[in-house]
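[1] for reference, the sequence and a predicted model appear below.
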Amino acid sequence: MTKRLAIVLAIAFCFLSVVSPTVSVSAKDKWTSVRSKNFLMLGNASEKEIRQVGVRLEQFREVFSRLFTTLKIDSPVPTTVIVFKDDQSYRPFKLNANTAGYFQPGPDVNYITLELASELNSEQDPFAIILHEYTHLLIRNTSGNVPTWFNEGLAEYYSSFSITSDQKVIVGRPIASHVYRLRANKMLPLRTLFQVDQKSPYYNERDKQSIFYAESWALIHYLILGKDGQRMPQLTKFVDLISAGAPMEKAFEQAFAMTFESMEKELNAYIQRDRYPIMSGSFQSKVGYDSAMQAAPITEAEAQAYLGDLLLKSNRADAEVYLQKALALDPDLPMANASLGLLRVRQGKHEEARKRLERAVAASSQNYLIHYYYAYALSQEGNRDMDTVFGMAPGIADIMRRELNRAIELRPDFLESYSLLAFVNLVTENELEKTKEMLKRVLAGSPHQPDLMFMLAQLYLRQQDFKESRQLINKVIENGDEFLRQRAERLLAQLVSVEAHLARIEKLKEEEASYKRTGGDSNETTSETSIERPFDPAAALRESLRRPVTGETQTQGTLSRIDCDAKGITFVVKVGDRMLKLNTDTFRHANIMSFSDDAGNEITCGIRKIQNNVVVAYVPKTDPRVKTDGVLKSLEFVPSDFKLKP
């Protein structure tokens with residue numbers, strides 16, 4: 001059994017019977033935290049209500065761990081659940097007015113938010129919401145890239161989970177809103193349903209009361225419980241094929257041995273029958289939970305810090321208001337300083353960001369996340385990004401390496417620390433072989449990590465192991481999010497370019513060696529008269545250079561310095577007697593390549609110690625008020641004796 005769909009398969013064998021029924025936060029609020037084994041719950045609801053949320057989550061998690069022993073239940077990313085007592089206190093933090101809860105995933109912390117008392121709760125059970133969102137988290141921990149309909153349908157299916165007497169479990173109850181919507185609306189063609197992604201007009205995570213969610217739920221319900229569970233092995237095979245990159249229609253026909261249209265008829269008949277079976281069963285032993293939950297009051301400063309961090313992770317502009325309130329009450333509060341430091345990184349205020357993170361580390365040296373945040377903030381100084389590898393100011397890499405090693409020591413399973421440490425070592429060319437082995441070891445235990453694959457692909461490319469690099473890049477393109485896929489596609493283009501360049505160089509070396517062996521004589525003539533053709537070692541390089549597109553100007557000069565500030569990056573290139581100033585907002589938006597050994601391995605802000613020979617392409621300025629000469633599109637380091645022919 002594969003891990004990817006163990007959650008679907010195991011449930012058929014673990015239950016006993018199948019039946020078919022006819023079917024702005026006030027400063028005066030008292031905030032409480034309840035910490036269980038696997039969750040941190042906090043809120044302005046009563047301690048009893050917060051504990052109930054914790055018990056439900058721990059029991060849900062425990063049921064999963066008992067039923068699905070191959071699942072990766074444990075997550076290195078902490079989950080914080082914020083429980084609001086009513087709509088008034090929740091309203092400033094909602095994604096929209098029509099939700100009673102949402103899940104905000106993140107590489108460093110996951111947030112689940114919900115309100116307990118709301119007019120919406122007649123249609124939106126808050127416990128159903130948190131179970132829906134937590135199912136997303138479990139799928140994310142275990143699976144690679146799964147279809148959106150499967151992700152949402154399975155989350156809706158398990159949102160009806162209930163347990164009584166800590167022993168009797170029921171799953172698959174009909175969801176009334178979905179049943180009514182399916183009765184009243186025309187189904188989406190399966191071909192359309194399967195193509196829905198997060199950009200589709202049919203998908204809106206904030207509004208789960210739509211035909212997409214209803215039909216996704218019905219399809220999952222049918223494939224798990226319909227036809228006495230006969231479709232489940234086929235569903236497993238289908239999702240495995242999709243996750244492996246097989247085309248949708250081909251995977252479907254191979255797994256189910258039928259067309260989309262045939263399955264539509266079966267699903268439509270299932271819905272028209274309007275009788276949805278449920279699964280119920282009892283475990284031999286009770287499903288326990290962390291009975292030793294620890295409750296503690298939260299200060300107003302801590303509450304404001306958590307709320308500010310939630311807004312920060314949701315990319316909300318009002319995050320700073322809450323973080324500043326927290327720091328006004330407690331200037332040394334580690335979480336508030338760390339979160340405000342991350343906000344300052346986004347704003348390009350790197351000096352203040354560093355001070356905030358240094359203060360947070362000093363106050364909370366045992367918190368692995370704060371050590372990671374500090375290293376991350378340093379990695380972003382000088383408009384640095386992880387798409388173009390360039391150098392760091394003296395000492396920065398050492399501090400980052402120290403902080404990341406400390407974060408790994410405190411929490412070895414937090415994977416973001418490894419990714420950033422690999423980036424530091426790649427930039428500085430420090431312990432590359434050791435770093436490669438580190439990433440391979442981490443990926444062996446956590447295979448569904450496209451960001452780590454991307455870092456390892458760059459290491460292989462640096463070592464000119466094109467085969468391994470290409471395999472990893474293709475996996476990232478298949479399984480990464482949109483931003484990571486774009487970066488992987490650019491890296492693949494770079495790999496292809498380097499391969500082609502090296503192939504041309506190798507061919508020219510062979511031609512040069514042959515030319516020297518024959519003393520300049522050529523046996524390849526098209527007439528009786530031999531024509532001497534002097535060998536040009538720069539010919540392949542000229543062909544490898546990026547060709548300027550319409551509207552761009554290409555020229556050759558020496559790179560004198562790189563000026564970096566909050567407004568962007570300016571490359572100063574000496575062309576004859578003229579100093580050409582070319583601007584770009586980030587390093588990522590300039591195509592930077594090196595075809596010369598004397599270029600070094602770093603691109604740092606400031607005056608260049610070596611005035612490198614470069615070829616640049618840029619779009620000349622059209623506004624006379626602009627102080628630069630144009631927008632840089634590409635910069636390519638070339639050997640000192642290279643000449644760009646007109």
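    Received the coordinates, thanks.
[2] CA atoms only: put stretch 279-299 into CSV for me.
    C-alpha atoms of stretch 279-299 as CSV (Å, rounded to 0.1, in the frame of the first residue of the first chain):
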residue,chain,number,x,y,z
MET,A,279,-19.3,4.0,8.0
SER,A,280,-19.4,3.4,11.7
GLY,A,281,-17.3,1.2,14.0
SER,A,282,-15.8,0.9,17.4
PHE,A,283,-12.2,0.4,18.4
GLN,A,284,-11.4,-2.3,20.9
SER,A,285,-9.7,0.2,23.1
LYS,A,286,-10.7,3.8,23.7
VAL,A,287,-9.2,6.5,21.6
GLY,A,288,-7.2,8.5,24.1
TYR,A,289,-5.9,12.0,24.0
ASP,A,290,-3.5,14.2,25.9
SER,A,291,-5.4,14.4,29.2
ALA,A,292,-2.6,16.3,30.7
MET,A,293,-3.3,19.5,28.7
GLN,A,294,-1.7,22.5,30.3
ALA,A,295,-3.7,25.7,30.5
ALA,A,296,-2.2,29.1,31.3
PRO,A,297,-3.3,32.7,31.0
ILE,A,298,-1.9,34.8,28.1
THR,A,299,-0.8,38.4,28.7
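[3] just checking, what packs against the longest helix seen in the chain?
    Longest helix in the chain by number of residues (criterion: DSSP state H): helix 482-517. Other helices and strands packing on helix 482-517, by 3 or more CB pairs under 8 Å, 6 or more residues apart in numbering; DSSP states H and E, are helix 450-462, helix 466-479, helix 539-544. All C-beta atoms are positioned from the backbone trio N, CA, C, and that covers glycine.
[4] what angle do the first one and helix 482-517 make?
    Helix 450-462 and helix 482-517 meet at an angle of 10 degrees, taking axes from the mean of the first three to the mean of the last three CA atoms, to 10 degrees as the criterion.
[5] relative to the whole chain's centre, how far out is helix 450-462?
    15 Å (CA atoms, centre = their mean, to the nearest Å).
[6] got the buried residues for that helix?
    For helix 450-462, the neighbour count (16 or more other CB atoms under 10 Å) marks 450-461 as buried.
[7] just stretch 579-596 next, same as before
    Buried residues in stretch 579-596 (16+ other CB under 10 Å): 580-584, 587-588, 590-596.
[8] quick check, nearest of those residues to residue 191?
    Among the buried residues of stretch 579-596, residue 588 lies closest to residue 191 (CB to CB), at 36.4 Å.
[9] per-domain residue ranges of the chain.
    Domain assignment for the chain, taken from automatic domain parsing, gives 6-23+30-282, 431-517, 547-637.
[10] quick one, longest strand in this structure?
    The strand spanning the most residues in the chain, taking DSSP state E as the definition, is strand 606-620.
[11] list the strands paired with it, with their directions.
    Here strand 606-620 has these sheet partners by DSSP bridges: strand 553-565 (antiparallel), strand 630-637 (antiparallel).
[12] what sits up against that strand?
    545-546, 548, 551-562, 571, 573-574, 580, 582, 596, 598-600, 629-640, 642, 644 (CB atoms under 8 Å, 6 or more residues apart in numbering).
[13] now a PyMOL select for only the buried ones of those residues.
    Command for PyMOL that selects the buried part of the contacts of strand 606-620, burial taken from 16+ other CB under 10 Å:
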select buried, resi 545+546+548+552+554+555+556+557+559+562+571+573+580+582+596+599+629+630+631+632+633+634+635+636+637+638+639+642+644
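[14] mind putting the buried residues of helix 450-462 in CSV, pLDDT and distance to residue 195 included?
    Shown next, in CSV, are the buried residues of helix 450-462 (pLDDT from 0 to 100; distance: CB to CB, whole Å):
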residue, pLDDT, distance to residue 195
450, 87, 22
451, 88, 26
452, 92, 29
453, 93, 26
454, 93, 26
455, 92, 31
456, 94, 31
457, 93, 28
458, 90, 32
459, 91, 35
460, 92, 33
461, 88, 33
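[15] nearest to residue 378, of those residues?
    Relative to residue 378, and with distances defined as CB to CB, the nearest of these is residue 455, at 17.4 Å.
[16] residue contacts, the closest one?
    419, 422-423, 426, 439.
[17] dump the residue contacts of residue 84.
    For residue 84, the contact set (CB under 8 Å, 6+ apart) comprises 43-45, 90, 93, 113-116.
[18] okay if I get the helices and strands packed on helix 482-517 as JSON lines plus distance to residue 213?
    Listed next are these as JSON lines, based on distance: least, CB to CB, whole Å:
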{"stretch": "helix 450-462", "distance to residue 213": "26"}
{"stretch": "helix 466-479", "distance to residue 213": "24"}
{"stretch": "helix 539-544", "distance to residue 213": "51"}
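[19] out of the ones you listed, which is closest to residue 485?
    Among the helices and strands packed on helix 482-517, the nearest to residue 485 by CB to CB is helix 466-479 (5.3 Å).
[20] list the buried residues for the closest one?
    Buried positions in helix 466-479, judged by neighbour count with 16+ other CB under 10 Å: 469-470, 472-473, 475-477, 479.
[21] neighbour-wise, which one of the contacts of residue 84 leads?
    residue 43 (30 neighbours; other CB atoms under 10 Å).
[22] quickly list what it is bridged to.
    Under the criterion DSSP bridges, residue 43 forms beta bridges with residue 32, residue 83.
[23] just checking, it touches residue 29?
    No. Residue 43 is beyond contact range of residue 29, at 9.1 Å (criterion: CB atoms under 8 Å).
[24] between these two, which contacts overlap?
    Joint contacts of residue 43 and residue 29 (CB under 8 Å, 6+ apart) are residue 85.
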